[in-house]
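> let's see this in three dimensions:
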Amino acid sequence: MTDRHPAFFGYGSLVNRATHAYVQATPARLSGWRRIWRHTTLRPHPFLSAEPAAAEIDGLVAAVPSGDWAALDAREAAYRRHALDAGRLVPAPAWAGRVEIYALDEAHAASAPGGAILLSYLDTVVQGFLSEFGEAGVARFFDTTAGWTAILDDRARPSYPRAQRLTAAERALTDRHTDALGLARLRR
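Okay, the predicted model is just below:
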């Protein structure tokens, strides 16, 4: 019999395994939610959140280390946890017990758009999707994410604390998709 563990569904930077040490993780698709860039009162730049919607998004189901939700909640302090219906996950890992998703705590939502999306953050997310889901998964990430806004090019000096080193091909992939969306690129 498989031990079941509390788990969460990561849909942004948590898809990049280099940003965390959650060893037990399984790629999956979640229905009934969409990914969206959100502006908050906590940070000058938008970050990814999720919200209920008639959509599907790719991500990772990962075990909560030692079942310690408090430590994970500290990493995801701007978010609130929401229980997921396991039937909405494909595949639903046999090892996962209760699965939750983090979404922006509406108490922190900005009333008007703020700054631009950090390119170092977006690059990190895209690298994770490429590794887990291939180029088709990267295309789905861009297609299934709402709230796009201008991009702040901080590649030379990344502001995102979990920024990863990318290859030229990975950077070009991000650039191709942001160009296709017609997103303005701001320089520091």
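> could you use CA atoms for every contact and neighbour count after this?
Will do.
> which strands and helices lie in contact with the longest helix anywhere in the chain?
In the chain, with assignment by DSSP state H, the single longest helix is helix 119-143. Applying 3 or more CA pairs under 8 Å, 6 or more residues apart in numbering; DSSP states H and E, we find helix 119-143 packed against strand 47-63, strand 151-153, helix 168-180.
> after that helix comes which helix or strand?
strand 145-146 (DSSP states H and E).
> what's the mean pLDDT across that following strand?
For strand 145-146, the mean per-residue pLDDT is 96.
> okay, now the sheet partners of it, with direction.
strand 25-38 (parallel) (DSSP bridges).
> follow-up on the earlier one: can you list the helices and strands packed on helix 119-143 in JSON lines and add distance to residue 122, mean neighbour count and mean pLDDT?
Shown next, in JSON lines, are the helices and strands packed on helix 119-143 (distance: least, CA to CA, whole Å; neighbours: other CA atoms under 10 Å; pLDDT from 0 to 100):
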{"stretch": "strand 47-63", "distance to residue 122": "9", "mean neighbour count": "20", "mean pLDDT": "96"}
{"stretch": "strand 151-153", "distance to residue 122": "9", "mean neighbour count": "19", "mean pLDDT": "98"}
{"stretch": "helix 168-180", "distance to residue 122": "8", "mean neighbour count": "15", "mean pLDDT": "98"}
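> put together TSV for the ones you listed, with distance to residue 139 on each row.
Shown next, in TSV, are the helices and strands packed on helix 119-143 (distance: least, CA to CA, whole Å):
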stretch	distance to residue 139
strand 47-63	11
strand 151-153	18
helix 168-180	8
